[in-house]
Structure formats: structure tokens, C-alpha cells
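Colleague: Here is a sequence together with a model predicted from it:
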Amino acid sequence: MNEHHLATLSAALEEELPAAVELRHRIHARPCLSGAEAPTRDLVLAALPAGSTTKVADTGAVVRVGGPGPAVAVRGELDALAVQESTGALWTSEHPGIMHACGHDVHLAALTALARAVERVGGPAPLLAVLQPREETYPSGAQSIVEDGLLDREHCRAVIGAHVQPLLPAGTVACTPGGVNASADEFTIEVRGRGGHAAYPHLTRDPVVALAHIVVALQSLVSRGTDPMAHAVLSVGTLAAGTAANVIPATAEARGTLRALDGGDRDTLHRRLARTAELVAQTHGCTAEVTIDHGEPVLHNDEALAAATLPVLGSLGLRAADDLRSAGSDDFSFFCERLPSLMMFVGTHGGAERLHSPTFLPADARIRDVARALLAGYLAAAEITV
């Protein structure tokens, strides 16, 4: 680790924090939903150092800081959620029904502070400030950026991210190697039978009964179909059938999600889900059609990058948390598929509510923690990949 860069950038980062707090308040007060983040993007661009700026993924942008050459990207998410805020903050959302309930305002402020510090005192490698849209919805903003090829054209060698996490104590960071967020896919099961009068079920092929048995059978896919030491979860979220109490409908539908922390389990569960639905439907004289919409892949942290970052976190005054893995998903995983990447989880516990809650409001002090975590990842990536 270059001690000079660590010392100078750490000091410069401290000087940027007051402006970063003010920026966080402005971002939080003016949240924008996924796909409509241009005002947030422009607000952050105005605070970032002047540099080569490329618009990407419709409402996103990438800003190069520090000159030409192989670079390290640092991601910040632009979008907010359709949640009515009830934090009581002086800088509460000015847009009814929209708020930054997932910490993206904190991430953007921290990224801006880091970019300004690198521009002022220099760094071991150019920094690409990635202002990413559509993290909270589809189509994925990260996937769009990867498919655009912009990171390749910018000679990017690694991607760094950090996310606030109320499950962890403030002042701690989880820097976990390997899979840390699950793949997330949505499925739809449509069962077709033969409808009719509820008084004459023997003349029908009841898709509701068939679907009910399918939903129960699916519960064994994880409990009896995957390694007990692996991590996977299948949840059925919606059921729909019929329009009248005394009519057996011709079709019934279920929708749900399937998540796995191992890519092999993901593929296997997809196949078994479809086969189970088809065979159970057949036993009830019905047919089943399964559609799976692929979402985010497994978010896999690069082992070497995680190992190199951990001691830098300690040098910056952040305590290492226990390994943290979650069945939640993040489209940062698309960067992980393309380049060595690292997503860290930064603790906020100490008053902050759960993620996506109307009361979620990490303290301004967490901007410092996120910025230091991003600095640690940037320095480690520059040392081992550039």
C-alpha cells in the first residue's frame, strides 16, 4: 500500500466532507425515480470535478478524474424509491411519494467527496465516477453500462462499490470475498385447465387446485433440492384465479422470485421449477407454462480485491465486520461479471431504520464511513489491478 497516497487522500477527503453533507441534503430533498434521474445526475455532475464526462444508460454518466490511462471505477446509484418519507428531516423529500430510502444519497455524496479529493491531490490511478441509474428496477442500469462498452473504452480495470447496511454497527465494514448477494429471478406459472360450474367439479379440470399443489411442491426445491449449506430461497408472491365464487376458472396464475448465492444452484433450480410445475399440473389433468425472467446474477466479490482492501480499511479507522451475505440482490453484480469488483457493506446501526423504510435516514456521519470505504477499495484496486 502506498502510504503517501493513503495519507494525502485521507486528509483531502476529510476536507471535502462538509460539502458532501450539503450535497447529500440536496440530493435527498429532490429524489428521482428510476429512469427519471437526470436532475439528480446533473446535481452531482455540478459538484464533481470538471473532467471528461460521458452520458450513458439514458440518465447516467461516467466522469474521468485524474487523466488518461487504466482506471478504477467507483459506483454511486442515482435513483430513489416510490416511498412516502416520514423521517422528519429538515431536508425531507420535496417530491410526494418519492424518497431516498436505500442510502443512495449517502453513496453519491461519498463518491463525490472521493472524486474531489483525487482531483485535488492526485491518486495512484485515474478514477471513474460512475453515476448509475436504474439500480432499483429493470432494465438494470449497471447492465446497460456494461453492455455499452464504456468501461472497456475507458480502460477500466476494477469497479468498487459500497452500500449502507443497518444490520451492521456504525463504524464497521463487511468486506466479504465471494458471493455476497444472491441472483434474483422472477417466475410466472400459468396453469390451464377446463372451467365450469362449481357444483359440477367432475366436469372440469380445476387449475386452482393444481396450482395450489404446485405452490406446495415448490417448497421442497430448496429444502430437498439444494445443499443445506448453500443459500437459496423461493417465494411465491402473488396468486390470481377466477372472477366469481361459484365458477371454476379455466386458468390460474402464480408469480414469485427465486434467489441463489451459487450460479450452479440458480440454473438447477430454474430447470426443476419448470419440471415440477409441469408434472404436478399433469396429475390434475391440467397443463402448466413457466416463464422465468432473468434478473441480477450473483454478486461475487473478487477474492484478491477483498483481501487487499481489508487492511486499508483498518488503516482508515474502520473496523472489519463479520462476513455478510444476503439473499437480497444488487445490479452491481453485472460489473462483477465483467471486471474484478468489490461491494462493501457499511454499518449504520444507531437509529437508522431498515432499508426501504419510510423512516430510513442514516446519519450524515455515515458519509465519512462510506467515503473511506470507497477510498480503501480504490487504493487496493489501483495497487493490484492497474
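Modeller: Noted; the coordinates are in hand.
Colleague: list the contacts for Val209?
Modeller: Applying C-beta atoms under 8 Å, 6 or more residues apart in numbering to Val209 gives the contacts His284. Any C-beta I mention is one placed from the backbone N, CA and C, and that applies to glycine too.
Colleague: and the gap between it and Leu234?
Modeller: 21 Å (C-beta to C-beta, to the nearest Å).
Colleague: got it, and Ser183?
Modeller: In terms of C-beta to C-beta, Ser183 sits 12 Å off from Leu234.
Colleague: what does Ala57 give?
Modeller: 31 Å.
Colleague: quick one: which of these two has more around it?
Modeller: Ala57 (26 against 21; other C-beta atoms under 10 Å).
Colleague: how near is that one to Leu48?
Modeller: 17 Å.
Colleague: which residues touch the residue at minimal distance from the centre of the chain?
Modeller: The structure's the chain has its C-alpha centroid closest to Asp330; by C-alpha atoms, centre = their mean the separation is 1.9 Å. Residues counted as contacts of Asp330 (C-beta under 8 Å, 6+ apart) are Glu135, Gly161, His163, Asn181, Glu296, Leu299, Met343.
Colleague: could you redo the last one with a cut-off of 7 Å?
Modeller: By C-beta atoms under 7 Å, 6 or more residues apart in numbering, the contact set of Asp330 is Glu135, His163, Asn181, Glu296, Leu299, Met343.
Colleague: and the residues you listed, which two are the farthest apart?
Modeller: His163 and Glu296 (13.7 Å; C-beta to C-beta).
Colleague: The helix or strand Leu17 falls within: what's the following helix or strand?
Modeller: Per DSSP states H and E, Leu17 falls inside helix 3-29. Of the helices and strands lying after helix 3-29 in sequence (DSSP H and E), the nearest is helix 38-47.
Colleague: Give me the distance between that following helix and the centre of its chain.
Modeller: Distance of helix 38-47 from its chain centroid, counting by C-alpha atoms, centre = their mean, to the nearest Å, is 21 Å.
Colleague: And the helix or strand just after that helix, what does it pack against?
Modeller: Next along the chain after helix 38-47, taking DSSP H and E as the criterion, comes strand 52-56. Judged by 3 or more C-beta pairs under 7 Å, 6 or more residues apart in numbering; DSSP states H and E, the packing partners of strand 52-56 are strand 60-65.
Colleague: So for whichever helix or strand comes after the strand it packs on, mean pLDDT?
Modeller: Note on strand 60-65: by DSSP H and E, the next helix or strand toward the C-terminus is strand 71-77. Averaging pLDDT along strand 71-77 gives 98.
Colleague: May I have the strands that pair with strand 71-77, each with its orientation?
Modeller: strand 127-132 (parallel), strand 156-169 (parallel) (DSSP bridges).
Colleague: what sits up against the first one?
Modeller: Outside strand 127-132, the residues that touch it by C-beta under 7 Å, 6+ apart are 41, 44, 48, 60-66, 71-78, 111, 115, 118, 141-142, 145, 154, 156, 378.
Colleague: Measure how far it is from the centre of its chain, please.
Modeller: Worked out by C-alpha atoms, centre = their mean, strand 127-132 lies 16 Å from the chain centre.
Colleague: Also stretch 159-176?
Modeller: That offset, for stretch 159-176, works out to 13 Å (C-alpha atoms, centre = their mean).
Colleague: Any idea how many residues pack against the residue lying closest to Gly60 once chain neighbours are set aside?
Modeller: Residue nearest to Gly60 in three dimensions, not counting chain neighbours: Pro133, with 4.3 Å by C-beta to C-beta, 6 or more residues apart in numbering. When neighbours are defined as other C-beta under 10 Å, Pro133 has 29 of them.
Colleague: same deal with Arg194?
Modeller: Neighbour tally, Arg194, other C-beta under 10 Å: 14.
Colleague: Burial check on the closest residue to it other than its chain neighbours, number of neighbours?
Modeller: Nearest non-adjacent residue to Arg194, counting by C-beta to C-beta, 6+ apart: Arg205, 4.2 Å away. Per other C-beta under 10 Å, the neighbour tally for Arg205 reads 20.
Colleague: Tell me who's in contact with Arg205.
Modeller: Gly193, Arg194, His284, Gly285, Cys286.
Colleague: For Gly347, name its beta-bridge partners.
Modeller: Listed by DSSP bridges, the beta-bridge partners for Gly347 are Gln165.
Colleague: How are the strands of the stretch 251-386 of the chain distributed by residue range?
Modeller: Remark: strands assigned in the stretch 251-386 of the chain by DSSP state E, counting those that start in this stretch are 251-260, 287-293, 299-301, 319-320, 341-349.
Colleague: okay, those strands in JSON lines with mean pLDDT, mean neighbour count and distance to Cys32 next?
Modeller: What follows is the strands of the stretch 251-386 of the chain, written out as JSON lines (pLDDT from 0 to 100; neighbours: other C-beta atoms under 10 Å; distance: least, C-beta to C-beta, whole Å):
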{"stretch": "strand 251-260", "mean pLDDT": "97", "mean neighbour count": "21", "distance to Cys32": "26"}
{"stretch": "strand 287-293", "mean pLDDT": "97", "mean neighbour count": "16", "distance to Cys32": "25"}
{"stretch": "strand 299-301", "mean pLDDT": "97", "mean neighbour count": "24", "distance to Cys32": "24"}
{"stretch": "strand 319-320", "mean pLDDT": "96", "mean neighbour count": "14", "distance to Cys32": "34"}
{"stretch": "strand 341-349", "mean pLDDT": "96", "mean neighbour count": "26", "distance to Cys32": "23"}
